[in-house]
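Novice: coordinates only, sequence not included:
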């Protein structure tokens, strides 16, 4: 028996249509088109069956791998990049799955569907439709492995916060502070043995994925998509420690897992690939091994999602390699003092994300006890240098059963998350990404184009600021004498923006700077974490 | 007529011996063996003649290019890397230069001949004989193009300073502050035309090198070698501005020039290749063009001298490429505040040299008006982060005819050069190169192994320092509770080292740090630029 189903997804809404293969479906650009074919395979459907489809649009062709989704169902998912008619033909070593043809109509995206996020102007990001994307991420490594109620709470929290990216692991996490047993596992169980201590030890059947595990992950990625949040999906991490063994699978299983995962979720427009969290803590895996895994991911992804890899403190990968679209680093050094953040832009010619600079929290570990002020300061320090910093929270009030957001999600308990939302709003109101106006010479003044500056004072407390702008203006046009500027005082902590009552007019360049013609000053409230927004006016 | 001469160089002393081809010469390891053959070539000896030799030692073979040195003399120079007998056979398309054979005996190096400097333990340098080399360089871009008296003065100055590397250009320099006409040019003159303004315009005969120009350069490189100074030879730079045109030669002439230069001076053990100064200011030359030139240098250098390329402020090259042995950057940002210097170690996995962070001087330009304190501070800031910073001086007291050391050499007029010598002495007394003991967390404490720390306070002024060391100790063994340490107070500006009268004994780790068992403090003089040397004692 064989039925052909097509599914399409508008935003995160899933609309199932049972139709004949020749009906013309409508799928949004960067939406998801799915072919599902029922077929009862005698043998191992994960290993024996090769299944793919070729999709041809106006001027491009994609070959997309399929996968076995359990219940005698084989699927192929496709994310159309262009509008218009797409035709497909399946290919398989199983005749029932082979040479199925059909087509669908790809229509313009609607609502908050802006397409995949891609690298833009070397150091930044845009959605496929051209809308600027500034990554303001947070971290919830194992949130999809918590109790359903906690997962739902996490989504509600994220809905009301200002984050547009979440770093999250495929595999569950085993750590002093995260001991929850997940409900679902990525593989079926082969047997349960006793370890020398008499405890149960699960032996996985690496020949059989557990589709329910992946369906759940997919639902959560779609849930994030509905909130406009990118899923920075972490494929491997070291925090298993012999409990499940997903950090120490044989290399061929790692590769099989990548093939299966990419076949399933490459068509999800909000997916980013993060090869690993703290790659260097994964035992017995060399940088060359990671290279192979990274190549496997990229070669298996028809759409070239954003892709990076993340190490422990100050352990950088060779981010210049073509597999990596951006830099994802654990390091607080570049955002601790002025002058650090921009250095890695100069080095890599790719967007820089400091994906772990520490966490706002109250843990004993130094990585988990930043004040809210320090966390918010770090995010600002990155932004001013033309880079991006990911937020995280690690508050534990009782014991490890607390929902520490960093790993489990739940609710935010800190103070910085609101400041990140405030900053995101400022960025999204601005004309574009920031970069230092006078690189290496002025670490406080960022520009986003002609006549737009953000000056950040960090921990400095000033009662006045002599109005002066650098003559240099990044890659943009320099300010002309006679230009008038208005100033707003941003209290990055109290989240206020106060227009300053007077305007300033710059005169000729004096020693690399432009001052107001009367050398007027801006009065400041002698508090830390102040910034200025300076915009050209008439 | 054909005569065969062999020349060998012990240190910088040149001993000429007129001998038959079968005599056994003695040349020091990393010294220079030279074959010189007289032959009158009818045609262009620079273009028509291919000339090389194969040198075979115990277990290695080198093929070395020869060159035409004028006066009907063709030469091949060779730097033996191992002791023992070396045999050679020449090869040429000119029968008189072809198939000449001979041998020489390579003997152990003596005196200050430690061989070529090579990369050691990823981030640092050693001479070929294993002696550690810490680059403490200075800058005299066009010193070999000044009047002879100034050149001699430069050498006397360098003899009495503490520098062991000089950045210097092959081509002369034309800049507001450097207008001296050189005595020698790398090419012969084809004709002298008048430019539209009626001024003389020299047209070079790119088909004919001027051997005298290169012989002079070689003498100066040997002069530096005699002083134990490496010559960081800059092959191209933008500061020509239409005066001679050496910044805008056709690409095939650039490559011919590299072949000629490398044939002449690859055998000089103290040569480093710097492809360019401020590569990005050279007009009409892309990064791909620089790639080709870098490959040409490396392919033409049988010994693989250190090789890098240098851009303008914050313009980094792709230093991960295999042609580059180390990073040579113009950027003050990494050494301005704590936390910056080590970042590029993490990124590149190569030694980092900040080869232009600014100059101590009194120019109007901001790059040329550092105080001596700031220059010395920059060098210390680099060292503490496990990187190296090059010194430079730009004092002008009257006008551009002043000998500004930065370009011309002459005498030092500043104050930082002595502090660099003082720091070099400290480094050379220590057990090895520095690295941060607790990377990204403690930017002040560098380690050079078990029981050896340098703590640098920079501009901070402290009246006490609570004795505490990080638990982490870079790649070295961590300090054990019960270990006793003595402390010396280093005044990096006044150049004093004062032993502290009491010893300290560390106890167990408390929150990532080891304190003295009685929480004893070190009394400090409340001055900036202080450092501590902390060494294990019994």
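Specialist: Everything's here; your move. Everything numeric here is computed off the predicted structure, so don't read it as measured data. Numbering: from 1, shown residues only, chains lettered A, B, ... in the order given.
Novice: Who are the packing partners of the strand or helix carrying residue A:150?
Specialist: Taking DSSP states H and E as the criterion, residue A:150 maps to helix A:148-160. Using 3 or more Cβ pairs under 8 Å, 6 or more residues apart in numbering or on different chains; DSSP states H and E as the contact test, the elements touching helix A:148-160 are helix A:211-226, helix A:405-408. Every C-beta, even on glycine, is put in place using the N, C-alpha and C of the backbone.
Novice: from those, which stretch is densest packed?
Specialist: Here the criterion is mean neighbour count by mean count of other Cβ atoms under 10 Å in any protein chain shown, and of the helices and strands packed on helix A:148-160 the winner is helix A:405-408, at a mean of 27.
Novice: Check what contacts that helix and list those residues.
Specialist: Helix A:405-408 is contacted by residues A:138-143, A:146, A:150, A:154, A:157, A:173, A:175, A:177-178, A:180, A:359, A:361, A:368, A:392-395, A:411-413 when judged by Cβ atoms under 8 Å, 6 or more residues apart in numbering or on different chains.
Novice: Could you look up the SS state of residue A:347?
Specialist: Put simply, residue A:347 is helix when judged by DSSP: H, G, I helix; E, B strand; the rest coil.
Novice: can I get the helices and strands packed on helix A:148-160 in TSV with mean pLDDT?
Specialist: Conversion of the helices and strands packed on helix A:148-160 to TSV gives the following (pLDDT from 0 to 100):
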stretch	mean pLDDT
helix A:211-226	98
helix A:405-408	97
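Novice: which one of those lies closest to residue B:434?
Specialist: Judged by Cβ to Cβ, the one of these that comes nearest to residue B:434 is helix A:405-408, at 33.8 Å.
Novice: Tell me the helix or strand right after the closest one.
Specialist: Where DSSP H and E defines the elements, the next helix or strand beyond helix A:405-408 is helix A:416-429.
Novice: Okay, buried residues for that following helix please.
Specialist: Buried residues in helix A:416-429, defined by neighbour count with 16 or more other Cβ atoms under 10 Å in any protein chain shown: A:416-424, A:426-427.
Novice: swap in stretch A:376-388?
Specialist: The neighbour-count check on stretch A:376-388 (16+ other Cβ under 10 Å) flags A:376-388 as buried.
Novice: For the stretch 151-300 of chain A, which residue gets nearest to chain B?
Specialist: Going by Cβ to the nearest Cβ, chain B is nearest to residue A:287 of the stretch 151-300 of chain A, at 10.0 Å.
Novice: Could you tell me the phi and psi values at that residue?
Specialist: phi -60, psi -30 (degrees, to the nearest 10).
Novice: Could you count how many residues lie near it?
Specialist: Taking other Cβ atoms under 10 Å in any protein chain shown as the neighbour definition, residue A:287 ends up with a count of 12.
Novice: Then the one 3 residues further on?
Specialist: Residue A:290 sits with 22 neighbouring residues when counted by other Cβ under 10 Å.
Novice: got it, and residue A:467?
Specialist: Count around residue A:467 with other Cβ under 10 Å applied: 25.
Novice: what is the spatially most central residue of chain A paired to in the beta sheet?
Specialist: Nearest to the mean C-alpha position of chain A, counting by Cα atoms, centre = their mean, stands residue A:232 at 3.7 Å. The residues listed as beta-bridge partners of residue A:232 by DSSP bridges are residue A:167, residue A:272.
Novice: What does the pLDDT read for it?
Specialist: The predicted structure scores residue A:232 at 98 on the pLDDT scale.
Novice: next one: residue A:63
Specialist: Residue A:63 is given a pLDDT of 98.
Novice: Would you mind measuring from it to residue A:91?
Specialist: Note on residue A:63: its distance to residue A:91, by Cβ to Cβ, to the nearest Å, is 8 Å.
Novice: again, but for residue A:154
Specialist: With distances taken as Cβ to Cβ, residue A:154 is found 40 Å from residue A:91.
Novice: Now for the closest residue to residue A:386 other than its chain neighbours: which residues touch it?
Specialist: Across the structure, with Cβ to Cβ, 6 or more residues apart in numbering or on different chains as the measure, the residue nearest residue A:386 apart from its sequence neighbours is residue A:435 (3.9 Å). The neighbours of residue A:435, taking Cβ under 8 Å, 6+ apart as the test, are A:123, A:342, A:345, A:386, A:446-448, A:474-475.
Novice: with those residues in mind, which one is nearest to chain B?
Specialist: With Cβ to the nearest Cβ as the yardstick, the closest approach to chain B among those comes from residue A:342, at 6.7 Å.
Novice: Not counting its neighbours along the chain, what's nearest residue A:250?
Specialist: Nearest in space to residue A:250, with sequence neighbours left out and distances taken as Cβ to Cβ, 6+ apart, is residue A:206 at 7.5 Å.
Novice: near chain B at all, the helix or strand where residue A:446 lies?
Specialist: With the criterion set as DSSP H and E, the secondary-structure element containing residue A:446 is strand A:445-447. No: Strand A:445-447 does not reach chain B (Cβ under 8 Å from any Cβ of the partner chain); its nearest approach is 13.6 Å.
Novice: what does stretch A:451-466 give?
Specialist: No: contact of stretch A:451-466 with chain B (Cβ under 8 Å from any Cβ) is absent, the minimum separation being 10.8 Å.
Novice: got the end-to-end distance for that stretch?
Specialist: End-to-end distance for stretch A:451-466: 18 Å, by Cα to Cα, to the nearest Å.
Novice: Flag every buried residue along that stretch.
Specialist: A:451-458, A:462, A:465.
Novice: now, among these, which is nearest to residue B:59?
Specialist: Looking across the buried residues of stretch A:451-466 and measuring by Cβ to Cβ, the closest to residue B:59 is residue A:458, at 58.8 Å.
Novice: Make sure that closest one is indeed in a helix.
Specialist: No: using three-state DSSP, the secondary structure at residue A:458 is coil, not a helix.
Novice: one step back: could I get the helices and strands packed on helix A:148-160 as TSV with distance to residue A:315?
Specialist: Supplementary listing: the helices and strands packed on helix A:148-160 in TSV, determined by distance: least, Cβ to Cβ, whole Å:
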stretch	distance to residue A:315
helix A:211-226	27
helix A:405-408	19
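Novice: Which among these is found nearest to residue A:277?
Specialist: In terms of Cβ to Cβ, the element of the helices and strands packed on helix A:148-160 nearest to residue A:277 is helix A:405-408, at 10.7 Å.
Novice: And that closest one, how far out from the chain middle?
Specialist: 16 Å (Cα atoms, centre = their mean, to the nearest Å).
Novice: ok, now stretch A:138-148?
Specialist: Its chain's C-alpha centre lies 15 Å from the corresponding centre of stretch A:138-148 when counted by Cα atoms, centre = their mean.
Novice: contacting residues around it?
Specialist: The contact list for stretch A:138-148 (Cβ under 8 Å, 6+ apart) reads A:150-151, A:154, A:158, A:161, A:163, A:165-169, A:172-173, A:178, A:180, A:182-183, A:216-217, A:220, A:234, A:237, A:239, A:277, A:355-356, A:359, A:390-393, A:403, A:405-410, A:417, A:420.
Novice: Just give me the neighbour total for residue A:61.
Specialist: Once other Cβ under 10 Å is used to define contacts, residue A:61 is seen to have 11 neighbours.
Novice: what separates it from chain B, distance-wise?
Specialist: Taking Cβ to the nearest Cβ, to the nearest Å as the measure, residue A:61 and chain B are separated by 31 Å.
Novice: Now do the SS call for the nearest residue to that residue once chain neighbours are set aside.
Specialist: Taking Cβ to Cβ, 6+ apart, and ignoring the residues beside it in sequence, residue A:61 has residue A:54 as its nearest neighbour in space, at 6.0 Å. The three-state label for residue A:54, taken from three-state DSSP, comes out as strand.
Novice: How many neighbouring residues does residue A:54 have?
Specialist: The criterion is other Cβ under 10 Å. On that basis, residue A:54 has 14 neighbouring residues.
Novice: pLDDT score assigned to it?
Specialist: Residue-level confidence at residue A:54 comes out at 98, pLDDT.
Novice: Ok, residue A:194 next?
Specialist: The model's pLDDT for residue A:194 equals 88.
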